[in-house]
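Trainee: Provided below for reference: sequence and predicted model.
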Amino acid sequence: MEALLIPYSPVAILPARRVLVLAPHPDDEVFGCGGAIAAHVKAGIPVQVVILTDGGLFGDTALRLDESKTAAGILGYGKPECWSLPDRGVVFGEPLIQRVMQTVQEGGFDLVYAPSLREIHPDHVQLAQVALEAVRRLGDGFHLAQYEVGAPLWPNRLLDITPFLSIKLEAMRCFASQLERQSYDLQIGALNRYRSYTLPKSVEAAEAFRLLAGADLAHSSMVFSGDVNADDLRQQMTMMWVYPEVQKQVVFYRETLAATADELARNIEALAQRDVELARTTEALAQKGVELARTTEALAQKGVELAETRGLVLQLQAEASRLKAEAAGWRDDSAMWQRGAEKLQIEVRNWQGRADAHFATIEEILSSRSWRITKPLRALSASAMLIRERLASIFARKKA
């Protein structure tokens, strides 16, 4: 997503057949795109540098131009051309637009380097507007590469200048008159180093560019001319520059929101599924609760039954104890009766013995042949026999 806003991969060169570099002052061509110039030179692509002003407000004009010439020798592109406009004398208008267009067409250039619309210095801003309008009018087949010097731009190309970093640093040191005023070489070097922030670690430094196609600019509904108010034009051009970025941000946030919406939908679906699972779990728990209640009720019933059983057991234990005591009493009575029975049996045996003796005597008498003895007894024999039978019956019952 971030790659929609800034490049995450460097380029080794900006494609071109012939290159025109427009610099507001002597040194801007090196500070802004010295690495790109060196890359084109190494690739055998012709490069022409045009310096629009003499830079007279901040140094000797001849000295400053000589410094650019010395830097050109280091970069290897030849010699710069100077249009000798006064410092802070670059003005957006038809004369300058036409001159740039003529230079591009006559030189066969298809790639133009110029400052970006976000620059601060008025010469930089005016030249940025001129270059933009010239390439817009030239249209298809032409490209404008906006570079940064005094203010960072919003790049869509990051050029790896690691192979040319030492050359660029050496070329920047050629502008001794300007380095006395400010350490531009250190500041530009830091800017180039910072531009490697989103690039692989192997990239030590990079130059940032906003590459615009003449065909895209030509399709814009805005038409510029020298009669348009410069402030209005700058605002319109700035909007033209910003609008594609706004579109990219809209796409970025739209895709982010779409992804977030998809993730949210998935989360909602997952939550709904969890709600279903929770409902099932709750239902299962409720069922378990019912079963637990039934089990508890059954256990309570079992408890009641157990209590009743325990009471019955206690009753049975008490009854058993009572019966045990009663049985013990019975045993005692039985022993007493047993002793009585044994005594009675002894008495019965004694009486039996006596009765047997009496019967023997009676038998002896009855069996006697003496008439005198038996005659009085014979009348009693029937009664005696009856008595004997009764005594035997009585003895029999006693034994039982």
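Mentor: Looks like it came in fine. Numbering: from 1, shown residues only.
Trainee: rest of the way, CA atoms for contacts and neighbours
Mentor: Noted.
Trainee: dump the residue contacts of residue 97.
Mentor: Applying CA atoms under 8 Å, 6 or more residues apart in numbering, we find residue 97 in contact with 130-131, 133-134.
Trainee: any idea which element it lies in?
Mentor: Taking DSSP states H and E as the definition, residue 97 sits inside helix 94-107.
Trainee: and the next element down the chain from that helix?
Mentor: Past helix 94-107, the next helix or strand by DSSP H and E is strand 111-115.
Trainee: which elements pack onto the helix or strand containing residue 323?
Mentor: Residue 323 is part of helix 230-366 when elements are defined by DSSP H and E. Judged by 3 or more CA pairs under 8 Å, 6 or more residues apart in numbering; DSSP states H and E, the packing partners of helix 230-366 are helix 122-138, helix 371-399.
Trainee: from the middle of its chain, how far away would it be?
Mentor: 45 Å (CA atoms, centre = their mean, to the nearest Å).
Trainee: next: stretch 16-35.
Mentor: 49 Å.
Trainee: dihedrals phi and psi, residue 149?
Mentor: phi -130, psi -60 (degrees, to the nearest 10).
Trainee: for it, what are its contacts?
Mentor: Applying CA under 8 Å, 6+ apart to residue 149 gives the contacts 28, 31-32, 115, 119, 188.
Trainee: give me that answer again for 7 Å
Mentor: Residue 149 sits next to 31-32 when contact means CA atoms under 7 Å, 6 or more residues apart in numbering.
Trainee: lowest-confidence stretch among the helices and strands packed on helix 230-366?
Mentor: The weakest mean pLDDT among the helices and strands packed on helix 230-366 belongs to helix 371-399, with a mean of 64.
Trainee: name the nearest of the contacts of residue 97 relative to residue 165.
Mentor: Closest to residue 165 out of the contacts of residue 97 is residue 131 (26.9 Å), distances taken as CA to CA.
Trainee: give the closest residue to the closest one in space, chain neighbours not counted.
Mentor: Spatially, and ignoring its direct neighbours in sequence, residue 131 is nearest to residue 114 (6.5 Å; CA to CA, 6 or more residues apart in numbering).
Trainee: now that neighbour: how far from residue 283?
Mentor: To residue 283, residue 114 is 74 Å away according to CA to CA, to the nearest Å.
Trainee: now render the contacts of residue 97 as CSV, adding distance to residue 155 and neighbour count.
Mentor: Compiled in CSV, the contacts of residue 97 are given as follows (distance: CA to CA, whole Å; neighbours: other CA atoms under 10 Å):
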residue, distance to residue 155, neighbour count
130, 20, 28
131, 17, 26
133, 19, 27
134, 21, 25
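Trainee: closest to residue 145 among those residues?
Mentor: Closest approach between those and residue 145, by CA to CA: residue 131, at 9.6 Å.
Trainee: can you count the residues close to the closest residue to residue 90 other than its chain neighbours?
Mentor: In space, residue 90 comes closest to residue 123 once its chain neighbours are excluded; the distance is 5.2 Å by CA to CA, 6+ apart. Residue 123 has 22 neighbours, counted by other CA atoms under 10 Å.
Trainee: repeat for the one 4 residues further on
Mentor: Residue 127 has 25 neighbours, counted by other CA under 10 Å.
Trainee: picking that back up, quick one: contacts for the residue nearest to residue 90?
Mentor: 24, 88-90 are the contacts of residue 123 under CA under 7 Å, 6+ apart.
Trainee: settle it for me: which of residue 114 and residue 283 has more neighbours?
Mentor: Neighbours were counted for residue 114 and for residue 283 using other CA under 10 Å; residue 114 has more, 29 against 12.
Trainee: OK, contacts around the residue nearest to residue 131?
Mentor: If you count contacts by CA under 7 Å, 6+ apart, residue 114 has them with 21-23, 128, 131, 145-147.
Trainee: can you check residue 218 too?
Mentor: 136-137, 139.
Trainee: helix or strand with the lowest mean pLDDT in this protein?
Mentor: helix 371-399 (a mean of 64; mean pLDDT, DSSP states H and E).
Trainee: could you give the mean pLDDT of the helix holding residue 97?
Mentor: 98.
Trainee: so which of the contacts of residue 123 is the most crowded?
Mentor: residue 24 (30 neighbours).
Trainee: please tell me how far the closest residue to that residue other than its chain neighbours sits from residue 364.
Mentor: Once flanking residues are discounted, residue 24 sits nearest to residue 52: 5.1 Å by CA to CA, 6+ apart. Computed as CA to CA, the residue 52 to residue 364 distance reads 192 Å.
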